[in-house]
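Student: I'd like to go over a predicted model; first the sequence, then the structure.
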Protein chains: 2
Amino acid sequence: MPLLIDIRKLTVINRLIKEGSESVADSLSTLAGVDASVEIKSLSFVQPGDIPTEMGTGEIYSARVRLAEPPYGVFMMTFSTETAAEIAQLMTGMDVESEFTQLHESALQEMCNILTSGFIDGIANTLETTIDMGTPTIEQAQAMTVADDALSHVRRDSLTIVLDSLVDIADSDVAFSLRIFLVPDPGSFVHLIDQLDRDAETGEPTSVDSPDAKELDTSSEVQAFEDAFDGS
Amino acid sequence: MPLLIDIRKLTVINRLIKEGSESVADSLSTLAGVDASVEIKSLSFVQPGDIPTEMGTGEIYSARVRLAEPPYGVFMMTFSTETAAEIAQLMTGMDVESEFTQLHESALQEMCNILTSGFIDGIANTLETTIDMGTPTIEQAQAMTVADDALSHVRRDSLTIVLDSLVDIADSDVAFSLRIFLVPDPGSFVHLIDQLDRDAETGEPTSVDSPDAKELDTSSEVQAFEDAFDGS
């Protein structure tokens, strides 16, 4: 499977994140009647094996969905129990006492649907495609269990994009922090990005456009690889 | 030029940034006697053409150095005139009035040397190499001029890694924000990352380990690749 990406195309990842967050803000406004700004505070790349470390410890909420279309893989949001309560309260207008009511539960599910589909739609738009997905599964569990569940269907060598985002609700003191994990199938993800640039620019793939520094890699396999594109 | 990177190796970029900031904190402590935490608040990838946008407008300070060894390219920090004054004050113990004294100037230069060499050393350690560099050039100028100067020797299609960092000085209210631009030569950068994984894991290059990936980069073969993918 082709897992090689032109390093200069990493700028696409910025666009994915930007479009994803803008689309979340749009969805919140249209579907939940909530005006909010969605800011990505940090981006990092980890291996799936590092996801448990990223999640920390203790009881957390997660909303997880498997993508049924390219780039496949898993999309997951995690947030604290305090954030879950804030969301439930915001959406229902009713305080959370010791336990969530059924109304609180559905409000939380609804918000997770909006956030998830908003983000995935933004990514899909950037990639000039659609990404079909089901309803995210909400779970409250120990961070470790959440990590295990999320990873059960993920290739161990996948790339995981981790985003810390802040959803700041307008005209209120409410702002919730969500951690987003995007674990696409690496081959499918690379293919989509490759496809995107080919379509957008010249109609041709752009990853091997300059012949000048081919001598940089010296191992025999690399040489063979370069020979293969000398003819292009 | 081999500009293709295995997408799963992007995790190396995280390590570069982590080691870079830890090394800056170490240098501050050893060379300036200042205990500080260095936190990276955000990471993004932009094209060199987008650097002016990242810099904003108005008068800023920049400290810029060209790397004389792989990954070559440019390392630059930018910061506000307020931050420059805070640094000068911190290092000299003397308030900045309307103008910098010569002592303030040298203190600022010294701090930029420490920050720059700290960061580059951290990157070099991660890449298991050394990176020779000169003394950074400090300049106070309009953001646009700084961007032009920085880009004059940079390939227009390079990848630029942009980091927002916060250097928080211990036992004080002083914390300064620095924006870091790392614009390596893309071919050299990919080669270093490739090399790193080869050494660390199997002793073999891992970037061209599957024969099908070799075909990825010739336009006529993209269709062949897609067909092959359909059948997989």
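Tutor: Done, it's in. Residues are numbered from 1 along each chain as shown, chains lettered A, B, ... in the order given.

Student: All the strands of chain A, residue numbers only.
Tutor: Ranges of strands in chain A, per DSSP state E, are A:4-6, A:36-46, A:59-66, A:74-80, A:137-142, A:160-169, A:175-183.

Student: Let me have the third one in CSV, keeping just the CA atoms, if that works.
Tutor: I take that to be strand A:59-66. Extracted C-alpha coordinates of strand A:59-66, given in CSV (Å, rounded to 0.1, in the frame of the first residue of the first chain):
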residue,chain,number,x,y,z
GLU,A,59,-13.0,8.4,33.8
ILE,A,60,-13.6,10.2,30.5
TYR,A,61,-16.3,10.5,27.9
SER,A,62,-15.7,9.4,24.3
ALA,A,63,-17.7,9.7,21.1
ARG,A,64,-16.4,7.3,18.5
VAL,A,65,-17.3,6.5,15.0
ARG,A,66,-15.8,4.3,12.3
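
Student: other SSEs contacting that strand?
Tutor: Strand A:59-66 sits against strand A:74-80, helix A:81-92, helix A:102-126, strand A:137-142, helix A:143-151, with contacts defined as 3 or more C-beta pairs under 8 Å, 6 or more residues apart in numbering or on different chains; DSSP states H and E. Every residue, glycine included, has its C-beta placed from N, CA and C.

Student: So which of these is nearest chain B?
Tutor: Closest to chain B of these is helix A:102-126 (C-beta to the nearest C-beta; 14.1 Å).

Student: Against which helices or strands is that closest one packed?
Tutor: The contact analysis (3+ C-beta pairs under 8 Å, 6+ apart) places helix A:102-126 against helix A:11-32, strand A:59-66, strand A:74-80, helix A:81-92, strand A:137-142, strand A:175-183.

Student: Now do it against strand A:36-46, angle only.
Tutor: Going by axes from the mean of the first three to the mean of the last three C-alpha atoms, to 10 degrees, helix A:102-126 is angled at 70 degrees with respect to strand A:36-46.

Student: Any stretches of chain A with poor pLDDT?
Tutor: A:1-2, A:197-232 (pLDDT under 70).

Student: go again using 50 as the cut-off
Tutor: Chain A contains residues with pLDDT under 50 at A:200-232.

Student: Now for residue A:180: which residues touch it?
Tutor: Neighbouring residues of residue A:180 by C-beta atoms under 8 Å, 6 or more residues apart in numbering or on different chains: A:75, A:76, A:77, A:119, A:161, A:162, A:163, A:164, A:165.

Student: Spatially, which two of the residues you listed are the most separated?
Tutor: Spatial extent of the contacts of residue A:180 (C-beta to C-beta) is set by the pair A:75 and A:164 at 15.3 Å.

Student: the more surrounded of these two?
Tutor: residue A:75 (25 against 17; other C-beta atoms under 10 Å in any protein chain shown).

Student: ok, the more buried one to residue B:26 distance?
Tutor: Separation of residue A:75 from residue B:26 (C-beta to C-beta, to the nearest Å) stands at 38 Å.

Student: again with residue A:127
Tutor: Taking C-beta to C-beta, one finds residue A:127 at 41 Å from residue B:26.

Student: So between those two, which is more surrounded?
Tutor: Shown here are residue A:127 and residue B:26; by other C-beta under 10 Å, residue A:127 has more neighbours (20 against 14).

Student: quick one, what contacts the more buried one?
Tutor: A:16, A:71, A:192, A:193, A:195, A:196.

Student: now residue A:56
Tutor: Neighbouring residues of residue A:56 by C-beta under 8 Å, 6+ apart: residue A:143.

Student: backbone phi and psi for it, please?
Tutor: phi 80, psi -160 (degrees, to the nearest 10).

Student: And residue A:171, by the same measure?
Tutor: phi 50, psi 40.

Student: That one contacts residue A:37, correct?
Tutor: No - contact criterion C-beta atoms under 8 Å: residue A:171 and residue A:37 do not qualify, at 11.6 Å.

Student: The two - which one has more neighbours?
Tutor: More crowded of residue A:171 and residue A:37, by other C-beta under 10 Å: residue A:37, with 15 against 8.

Student: list the contacts for the closest residue to that one other than its chain neighbours?
Tutor: Of all residues beyond its chain neighbours, the one nearest residue A:37 is residue A:168 (4.8 Å), with distances taken as C-beta to C-beta, 6 or more residues apart in numbering or on different chains. Counting by C-beta under 8 Å, 6+ apart, residue A:168 touches A:36, A:37, A:38, A:39, A:174, A:175.

Student: again, but for residue A:104
Tutor: Contact analysis of residue A:104 by C-beta under 8 Å, 6+ apart lists A:88, A:89, A:92, A:94, A:96.

Student: overlap between those residues and the residues near chain B?
Tutor: Counting by C-beta under 8 Å from any C-beta of the partner chain, nothing from the contacts of residue A:104 sits close to chain B.
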